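Q: A structural model of the following input is requested.
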Amino acid sequence: MIIKAMTNADSVERIFITVRNTTGSALSAGYNLCLNTRNVNSAYGIDVEQPATSAFPNYTGVVANDSQDTDYAIEDKSVGLAQVWGENEVAFIRVESTDGVVPVGRLFIPTNGQWYATSTGPPLDKDTVTGGALVIMSARGAATFEGRHRVQVRCL
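A: Alright, predicted model coming up:
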């Protein structure tokens, strides 16, 4: 585990873990990840995969980037960093809002078979979300949006 402590007012605390990509393709910064618990023969114990319904409680976080927006892409079968806590400017999310706005504080959870996290309709109840979640940090005015957005990662 790597902890990047606050060094000045513009810096935020972020926590990272080491993961191994077992998806078959490269992972870009902001992609959502789940631990691959089906690979019981792995000698690593840190394998990650694309979110699947059965993996939601194993939500790991997002592929890391740094404050200069360096993309720490992780090649297939390579080891890299996943952010498990703290502010992230490039998390990949999809918004499907029924009321045309996504307020600060809305939870996002992994989406089956996708690299993005989703929030649909009314706010998700924090007590019904198992595993980690992303929390949106700035409001979105669009009813539908898919792309990178500023969130608080909470996957510890």
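
Q: Beyond the helix or strand harbouring I93, next helix or strand please.
A: Using DSSP states H and E, I93 maps to strand 79-96. Remark: after strand 79-96, the chain's next helix or strand is strand 107-110, criterion DSSP H and E.

Q: partner strands of that next one, parallel or antiparallel?
A: Strand 107-110 pairs in its sheet with strand 117-120 (antiparallel), strand 133-136 (antiparallel), by DSSP bridges.

Q: Reformat those as a markdown table; add mean neighbour count, mean pLDDT and distance to G105.
A: Every C-beta, even on glycine, is put in place using the N, C-alpha and C of the backbone. Output for the strands paired with strand 107-110, formatted as a markdown table (neighbours: other CB atoms under 10 Å; pLDDT from 0 to 100; distance: least, CB to CB, whole Å):
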| stretch | mean neighbour count | mean pLDDT | distance to G105 |
| --- | --- | --- | --- |
| strand 117-120 | 21 | 74 | 11 |
| strand 133-136 | 22 | 72 | 6 |
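
Q: Switch these over to a markdown table; also include distance to S54.
A: Formatted as a markdown table, these follow (distance: least, CB to CB, whole Å):
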| stretch | distance to S54 |
| --- | --- |
| strand 117-120 | 17 |
| strand 133-136 | 17 |
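
Q: Who does A117 form a beta bridge with?
A: Assigned bridge partners for A117, using DSSP bridges, are I93, P110.

Q: how's this structure carved up into domains?
A: Domain assignment of the chain by automatic domain parsing yields the ranges 2-84, 88-154.

Q: so what secondary structure elements neighbour the strand holding I93?
A: strand 14-21, strand 32-35, strand 59-63, strand 117-120, strand 133-136, strand 144-154 (3 or more CB pairs under 8 Å, 6 or more residues apart in numbering; DSSP states H and E).

Q: State the distance from Q83 to T118.
A: With the distance defined as CB to CB, to the nearest Å, Q83 ends up 19 Å from T118.

Q: ok, now A73?
A: For A73 relative to T118 (CB to CB), the value is 23 Å.

Q: looking at it, A73 is touching G80, isn't it?
A: Yes: counting by CB atoms under 8 Å, G80 is a contact partner of A73 at 7.5 Å.

Q: And the pLDDT for H149?
A: H149 carries a pLDDT value of 74.

Q: And the one 5 residues further on, by the same measure?
A: The per-residue pLDDT reported for R154 equals 80.
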